[in-house]
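# Return atomic coordinates for the entry below.
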Amino acid sequence: MKNVLVTGGTGFIGSNLAAALVGRGFTVRILRRPSSDLSNVKELDVEHCLGDIREKESLRKAIRGCDTVFHTAAMVSFRREKREEQHDINVGGTANVVDVCLEEGVERLIHTSSIAALGHPVGGGLADETTIFNWQSADNGYKNSKHDAEKEIERAVGKGLQAVMVNPAVVIGPGDIHFNGGKFIRSVVKHQALFTIDGGTNIVYVGDVVNGQILAATKGKTGERYILGGENLTHKEVFQIIARSVGGIVPRIRMPIPVVRLGANILEIVGNIFGVDPLLTPEMISGAGLYNWYSSEKACRELGYTITPFRQAVEITFRWYREHGLL
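A predicted model of the protein is given here:
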């Protein structure tokens, strides 16, 4: 691995990955759109290639001469009206990346998928890389698109491309300017977390994800997927740890799941009427009440992956938000 392309290089995970690769001495290109926010990469010594994963010619120019491609570009949306665009980017874009990598003789493709592409644990316990996708009844466009994108990677492997998949959990850390995973921290610190619900999730530090991506490039087995997770926590534990670590208030009200679902449907309708992003949508809470807990044992065993404690990840993230005037 010497000359590297990162698709989605200005995004949360992509920019952290690009910085880590530069720090390790690799020659790095990023593929970005002309309108991309450059906040996270303005000081990075990387080559900028303008384009879009939906446009093969721009992809070809960016990939040509690279031996390794980290595909992190994706659209994260939980609104039904965005499904077609999301599918075009997440599935169609991944198909384009695969095709161009094959045409250009790329040695290694590392696809950043998600635990959303995997099934959730049923009957307790932890899900792993073998857990069959079982979200069909949830009607979740994002999960479906990430699952279908993995089929394109499987197609690539079938055609001889050395491709590996990594599946991060919910990610927090510096660079999350849009408060994706960081919304947990913001809601507690700003006293916006009004209630908690049953169930749980897995939250991972972005530095661990980046380390896992690079390990997958050097040690990952072709055609395999590796869950890059952190600690498995109940939703209440998430709020409690954040409040104890950086301040804020833990919500005391336990909201019944049916009430939350009703509220999400109402907020989505209101958002559509007024053309604004709703605070909650049915897709955002499709896993509400479930303990979406995952095992990273395979990545630890085969890649040497390590996990940063959630409390430490929260403190690092909060400090970055404060230093950049975001909290």
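# Distance of residue 62 relative to residue 270?
Counting by C-beta to C-beta, to the nearest Å, the gap from residue 62 to residue 270 is 40 Å. C-beta coordinates here come from the backbone N, C-alpha and C atoms, glycine included.
# more crowded one of these two?
residue 62 (27 against 12; other C-beta atoms under 10 Å).
# Nearest residue to the more buried one in space, please, no chain neighbours.
Once flanking residues are discounted, residue 62 sits nearest to residue 49: 3.8 Å by C-beta to C-beta, 6 or more residues apart in numbering.
# Show me the helices in the chain, by range?
12-23, 56-63, 83-87, 93-104, 141-158, 183-189, 206-219, 235-246, 257-274, 297-303, 310-323 (DSSP state H).
# Buried residues in the fifth one, which are they?
Using 16 or more other C-beta atoms under 10 Å as the test for burial, helix 141-158 gives 141-150, 152-153, 155-157.
# Same check on the shortest one?
Neighbour-count burial for helix 83-87, with 16+ other C-beta under 10 Å as criterion, is recorded at 83, 86-87.
# Also the second one?
Taking 16+ other C-beta under 10 Å as the neighbour-count basis, helix 56-63 is seen to contain the buried residues 56, 58-59, 61-63.
# Export these as CSV, with columns for pLDDT.
Shown next, in CSV, are the buried residues of helix 56-63 (pLDDT from 0 to 100):
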residue, pLDDT
56, 96
58, 95
59, 97
61, 97
62, 97
63, 97
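# In TSV: those, plus distance to residue 189.
Listed next are these as TSV, based on distance: C-beta to C-beta, whole Å:
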residue	distance to residue 189
56	44
58	40
59	40
61	43
62	38
63	41
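# For the closest residue to residue 299 other than its chain neighbours, give me its contacts.
Once flanking residues are discounted, residue 299 sits nearest to residue 305: 3.8 Å by C-beta to C-beta, 6+ apart. Residues in contact with residue 305, defined by C-beta atoms under 8 Å, 6 or more residues apart in numbering, are 208, 211-212, 215, 226, 228, 296, 299.
# which one of the helices of the chain lies closest to residue 110?
helix 206-219 (5.0 Å; C-beta to C-beta).
# Residues in contact with the closest one: which ones?
Residues contacting helix 206-219 (C-beta under 8 Å, 6+ apart): 1, 12-13, 16-17, 20-21, 24, 68, 70, 108, 110, 112, 164, 166, 168, 171-176, 226, 228, 230, 299, 302-308, 316.
# Stretch 54-63 now?
Under the criterion C-beta under 8 Å, 6+ apart, residues 5, 7, 29, 31, 49-53, 69, 88-89, 92-93, 96-97, 99-101, 103-104, 106 lie in contact with stretch 54-63.
# Lowest average pLDDT across the helices of the chain?
Comparing mean pLDDT over the helices of the chain, the weakest stretch is helix 257-274, at a mean of 91.
# CA atoms of it as PDB?
What follows is helix 257-274, C-alpha atoms only, in PDB (Å, rounded to 0.1, in the frame of the first residue of the first chain):
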ATOM      1  CA  ILE A 257     -41.900   2.600  22.300                       C
ATOM      2  CA  PRO A 258     -45.400   3.000  20.700                       C
ATOM      3  CA  VAL A 259     -45.600   6.600  21.900                       C
ATOM      4  CA  VAL A 260     -42.200   7.300  20.300                       C
ATOM      5  CA  ARG A 261     -43.200   5.700  17.100                       C
ATOM      6  CA  LEU A 262     -46.400   7.800  16.900                       C
ATOM      7  CA  GLY A 263     -44.400  10.900  17.600                       C
ATOM      8  CA  ALA A 264     -41.900  10.100  14.900                       C
ATOM      9  CA  ASN A 265     -44.700   9.600  12.300                       C
ATOM     10  CA  ILE A 266     -46.300  13.000  13.300                       C
ATOM     11  CA  LEU A 267     -42.900  14.800  13.100                       C
ATOM     12  CA  GLU A 268     -42.100  13.300   9.700                       C
ATOM     13  CA  ILE A 269     -45.500  14.500   8.300                       C
ATOM     14  CA  VAL A 270     -45.000  18.000   9.800                       C
ATOM     15  CA  GLY A 271     -41.500  18.100   8.400                       C
ATOM     16  CA  ASN A 272     -42.700  17.200   4.900                       C
ATOM     17  CA  ILE A 273     -45.400  19.800   5.000                       C
ATOM     18  CA  PHE A 274     -43.000  22.600   6.000                       C
END
